[in-house]
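Asker: Sequence and predicted structure, then a few things I'm wondering about:
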Amino acid sequence: MASLLSVQHLVVQFATRGRFATAVDDFSLEIAPGECVGLVGESGCGKTTTGLAIMRLLPGNGKIAAGNVTLDGVDLASLSDKEMRSQRGRTVALIPQDPMSSLNPTMKIGRQIGEGLIIHNGVSADVARQRSLEVLDMVGMPRPAERLDQYPFELSGGLRQRVIIAMGLVCNPKLLIADEPTTALDVTIQAQILDIIDTLRAELNMGVLLITHDMGVIAGRADRVVVMYGGKKAEEAPTEELFSSMNHPYTQALLASMPSLEGASKQKLASIAGVPPDLSREIVACRFAPRCEFATDQCRAEDPPLTTTGQHSFACFHPTKGPRKAVKLVTPVATATKSAANELVRIDDLVKEFPVKGGFIRHVVGAVHAVSNVSLSIKEGETFGLVGESGCGKTTIGRMIVGLDTPTSGEIFFEDELVSAKGYKATRVQHRKRQMMFQDPYSSLNPRMNVFQILAEPLMVQREGSREQQRARVLELLDSVGLEHSAANRYPHQFSGGQRQRLGLARALALNPKLIVADEPVSALDVSVQAQILNLMKDLQLEHHLSYVMVSHDLAVVHYMADTIGVMYLGKIVELGDADSVFRSPAHPYTQGLLDAVPVPDPKVARERKGIQVKGELPSAVNPPTGCRFRTRCPRAQDICAEEEPLLRSFGESQTAACHFPLKTPVSVGSGSRNQPA
């Protein structure tokens with residue numbers, strides 16, 4: 001089939017302090033009409049830069065130094081800026097990674113979508129509005145006519161992503177570049193967005209370049225896969241062939257780093273040692289050699305050429321047929337016996353409501369029901385996983401456990417002491433026992449303080465030791481999270497995302513706490529860095545006998561980390577039990593829907609999977625549905641679900657769920673369950 005997009009020997013450079021950094025080096029790519037090509041690799045490997053180069057949207061210090069980019073017979077690299085503006089949106093469109101920063105906060109949705117049509121096709125505002133309504137309906141936007149007059153801040157992340165896709169499709173482009181289109185989305189919304197792109201690709205015969213670091217997303221969606229490392233192509237093959245017989249050690253390492261629902265939760269994740277190469281310096285050897293366990297002197301002296309056999313190409317002197325389940329020896333995760341452990345945290349009938357104010361005098365007109373009658377227990381040395389979609393109340397529970405938020409009602413006990421009563425003031429000693437690891441380490445670390453000051457601050461507040469002892473403790477913390485002592489004199493912006501997450505963990509460990517609430521600690525990290533952080537957290541848990549509350553929408557991560565799982569939906573616990581029972585044999589349709597939406601890094605399994613699909617958006621927490629809150633999205637819902645709220649019932653020795661029509665037969669009615677709704 002003739003190519004729609006042809007990228008040949010592309011070289012992209014950025015001017016940095018008197019020299020050029022080559023971010024993309026001799027890269028070639030072909031995409032046919034209607035084909036989806038997945039571009040995968042770690043952050044900094046050149047994926048996004050390649051997409052921006054195709055769009056001619058490189059920053060001011062970037063340039064296409066060599067190569068050709070041809071789209072439907074037009075050489076985009078040779079066009080003037082004015083000529084290229086006529087191509088963007090009309091023949092090639094981009095779905096950026098962060099929809100909120102890409103949408104104009106001062107413009108209504110309808111106007112933003114129709115703007116491209118007015119510019120390229122010269123249509124009237126009324127015609128553009130009608131077309132905007134059509135594409136919003138095309139991308140599955142609920143109540144599309146209503147959305148036209150809303151602003152971006154009024155929409156959820158999933159709805160904003162739909163708006164961005166609609167903007168890209170309004171002029172029927174021939175090529176769509178999707179740059180990490182689902183990175184920060186819940187698994188249910190991610191599945192919906194990817195389904196939309198697949199459907200539109202088939203209907204419009206549109207080529208798609210899907211840029212991601214998630215091998216599971218690639219397996220289920222792409223026709224071909226291109227693996228990038230250090231700005232160069234490492235491997236390329238049709239999707240099924242790549243996953244069944246990958247040749248490059250880097251490709252194998254990416255796959256082995258992923259936590260999987262099918263994998264053993266008690267085995268350490270294989271991680272990739274070291275960091276990607278510094279592209280501001282000339283590299284003459286294999287770029288992956290410093291991190292490759294198979295590297296030889298030849299690899300460290302020569303750059304391997306791209307070898308092609310049929311439709312499979314790779315750049316490696318010592319290819320090994322894969323996939324392999326591990327890049328290095330996989331060792332069991334040492335675990336402590338928790339059956340006889342003492343209860344560390346107990347939560348009884350916890351409620352948290354946030355007032356909603358309106359009117360001229362800003363009086364209270366309603367409440368956001370963030371957490372509703374939640375009860376649970378956490379043992380010493382245990383990891384309790386809280387899973388669910390964004391907005392279900394997971395983070396709010398975590399913040400109340402550490403004392404950052406106060407409950408509206410209900411009780412929280414820590415070491416048998418009531419810590420949630422109104423007017424309660426924790427002592428300095430009590431504060432140190434509960435710590436928080438935030439989702440975004442960059443925004444939670446003071447940019448004006450160096451690492452020593454950041455890590456020493458809690459020690460100073462707690463008056464812990466002399467200055468020399470505090471310095472020794474800071475160096476000890478850096479050792480424990482795998483950072484060099486020289487990091488103490490650097491500032492947060494001088495670290496990578498994975499390194500900043502290590503600093504966040506070190507800060508949480510500074511006072512030797514008993515409990516750490518980890519709020520989405522690896523959601524924005526590459527799978528290789530994610531594996532390092534998760535392994536580190538498990539090692540430190542055993543060493544310090546820590547308890548974790550793991551808040552995440554990534555079920556594979558929670559499966560790897562957690563001993564006990566609590567599944568939340570719209571402020572309620574809908575299923576609770578030990579990790580293996582919940583993941584292997586869920587009782588609640590919502591839990592099964594979450595599992596069905598998790599991308600599987602196996603093309604055959606991913607494309608044959610059919611199960612309960614959670615459709616639509618989370619209802620408003622201001623006015624939640626009556627009865628069962630999940631009924632508006634549940635394929636098993638009946639009249640009783642709207643009339644009666646289901647109580648938690650037992651489905652085994654250590655599993656309960658709240659559903660009128662569960663996926664398996666309950667053992668008995670849980671009349672005495674602590675987790676029953678009031």
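Answerer: Received the coordinates, thanks.
Asker: which residues does the residue nearest to Ala657 when sequence neighbours are not counted contact?
Answerer: With C-beta to C-beta, 6 or more residues apart in numbering as the measure, Ala587 is the residue that lies nearest to Ala657, at 3.8 Å, once sequence neighbours are left out. Backbone N, C-alpha and C define where each C-beta goes, glycine included. With C-beta atoms under 8 Å, 6 or more residues apart in numbering as the criterion, the residues that contact Ala587 are 575, 651, 655, 657, 659, 662-664, 666.
Asker: what helix or strand does Ala587 sit in?
Answerer: Taking DSSP states H and E as the definition, one finds Ala587 inside no helix or strand.
Asker: Next up, phi/psi of it, please.
Answerer: Dihedral angles of Ala587 (phi, psi; degrees, to the nearest 10) stand at phi -100, psi -30.
Asker: Now list the buried members of the contacts of Ala587.
Answerer: Buried by 16 or more other C-beta atoms under 10 Å: 575, 651, 655, 657, 659, 662-663, 666, out of these.
Asker: Tell me how many other residues crowd the residue nearest to Gly504 when sequence neighbours are not counted.
Answerer: Leaving out its chain neighbours, the residue that sits closest to Gly504 by C-beta to C-beta, 6+ apart is Pro441, at 4.0 Å. Burial of Pro441, expressed as a neighbour count using other C-beta atoms under 10 Å, amounts to 22.
Asker: tell me the phi and psi of the residue lying closest to Ser585 once chain neighbours are set aside?
Answerer: In space, Ser585 comes closest to Lys664 once its chain neighbours are excluded; the distance is 6.6 Å by C-beta to C-beta, 6+ apart. Backbone geometry at Lys664, expressed as degrees, to the nearest 10, gives phi -150, psi 170.
Asker: repeat for Pro319
Answerer: Geometry field for Pro319 lists phi and psi as phi -70, psi 150, criterion degrees, to the nearest 10.
Asker: can you pull out the strands in the stretch 551-678 of the chain?
Answerer: When secondary structure is read from DSSP state E, counting those that start in this stretch, the stretch 551-678 of the chain shows strands at 564-569, 572-578, 648-650, 655-658.
Asker: Could you export the first one as PDB, CA atoms only?
Answerer: If I follow you right, that is strand 564-569. The C-alpha atoms that make up strand 564-569 are tabulated as PDB, following Å, rounded to 0.1, in the frame of the first residue of the first chain:
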ATOM      1  CA  THR A 564      -5.700  -5.700  50.500                       C
ATOM      2  CA  ILE A 565      -7.800  -3.800  47.900                       C
ATOM      3  CA  GLY A 566     -10.600  -1.400  48.400                       C
ATOM      4  CA  VAL A 567     -12.500  -0.500  45.200                       C
ATOM      5  CA  MET A 568     -14.200   2.900  45.400                       C
ATOM      6  CA  TYR A 569     -17.000   4.400  43.200                       C
END
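Asker: Tell me which strands that strand pairs with, and in which orientation.
Answerer: Strand 564-569 pairs in its sheet with strand 383-387 (parallel), strand 572-578 (antiparallel), by DSSP bridges.
Asker: Nearest to Gly504, out of those?
Answerer: Of all those, it is strand 383-387 that lies closest to Gly504, at 17.2 Å by C-beta to C-beta.
Asker: moving C-terminal of the closest one, what's the next helix or strand?
Answerer: Tracing the chain C-terminally past strand 383-387 and defining elements by DSSP H and E, one meets helix 394-401 next.
Asker: Give me the buried stretch members for the next helix or strand after that following helix, please.
Answerer: Sequence order places strand 409-414 as the next helix or strand after helix 394-401, per DSSP H and E. Within strand 409-414, the residues scored as buried using 16+ other C-beta under 10 Å are 410, 412-414.
Asker: what's the closest non-adjacent residue to Met258?
Answerer: Leaving out its chain neighbours, the residue that sits closest to Met258 by C-beta to C-beta, 6+ apart is Val527, at 5.0 Å.
Asker: Helix, strand, or coil at the residue at minimal distance from the centre of the chain?
Answerer: The geometric centre of the chain, computed from its C-alpha atoms, lies nearest to Ser523 (C-alpha atoms, centre = their mean), at 3.8 Å. Recorded secondary structure, Ser523: coil (DSSP: H, G, I helix; E, B strand; the rest coil).
Asker: any idea how far it is from Asp554?
Answerer: The gap separating Ser523 from Asp554 is 7 Å, by C-beta to C-beta, to the nearest Å.
Asker: which residues touch the residue lying closest to Leu57 once chain neighbours are set aside?
Answerer: Across the structure, with C-beta to C-beta, 6+ apart as the measure, the residue nearest Leu57 apart from its sequence neighbours is Leu94 (7.3 Å). When contacts are counted by C-beta under 8 Å, 6+ apart, Leu94 touches 51, 55, 57, 88, 168, 176-177, 179.
Asker: hmm, 7 Å instead?
Answerer: Contacts of Leu94 were listed using C-beta atoms under 7 Å, 6 or more residues apart in numbering, and they are 51, 55, 168, 177, 179.
Asker: Need the max-distance pair from these.
Answerer: Gly51 and Gly168 (12.5 Å).
Asker: So if I had to pick from the two, which one is more boxed in?
Answerer: For Gly51 against Gly168, the residue with the higher neighbour count under other C-beta under 10 Å is Gly168, and the figures read 26 against 22.
Asker: So what touches whichever helix or strand the more buried one is part of?
Answerer: Element membership for Gly168, per DSSP H and E: helix 157-169. Residues outside helix 157-169 that contact it (C-beta under 7 Å, 6+ apart) are 93-96, 99-100, 102-103, 109, 112-113, 116, 135-136, 138-141, 152, 155, 176, 181, 184-185, 189, 192-193, 196, 200, 390, 617.
Asker: And the helix or strand of the chain with the lowest mean pLDDT, what's buried?
Answerer: Taking mean pLDDT, DSSP states H and E as the measure, the helices and strands of the chain show their lowest mean at helix 99-102, namely a mean of 76. If you call a residue buried by 16+ other C-beta under 10 Å, then helix 99-102 has these buried ones: 99, 102.
Asker: list the helices and strands the very next helix or strand once past it packs on?
Answerer: Elements were assigned by DSSP H and E; along the chain past helix 99-102, the next helix or strand is helix 109-121. Helices and strands touching helix 109-121, as assessed by 3 or more C-beta pairs under 7 Å, 6 or more residues apart in numbering; DSSP states H and E, comprise helix 125-138, helix 157-169.
Asker: quick check, distance from the first one to the centre of its chain.
Answerer: So the one you mean is helix 125-138. 31 Å (C-alpha atoms, centre = their mean, to the nearest Å).
Asker: same check, this time on the last one
Answerer: Centre-to-centre, helix 157-169 and its host chain are 18 Å apart (C-alpha atoms, centre = their mean).
Asker: Right, I'll leave it there.
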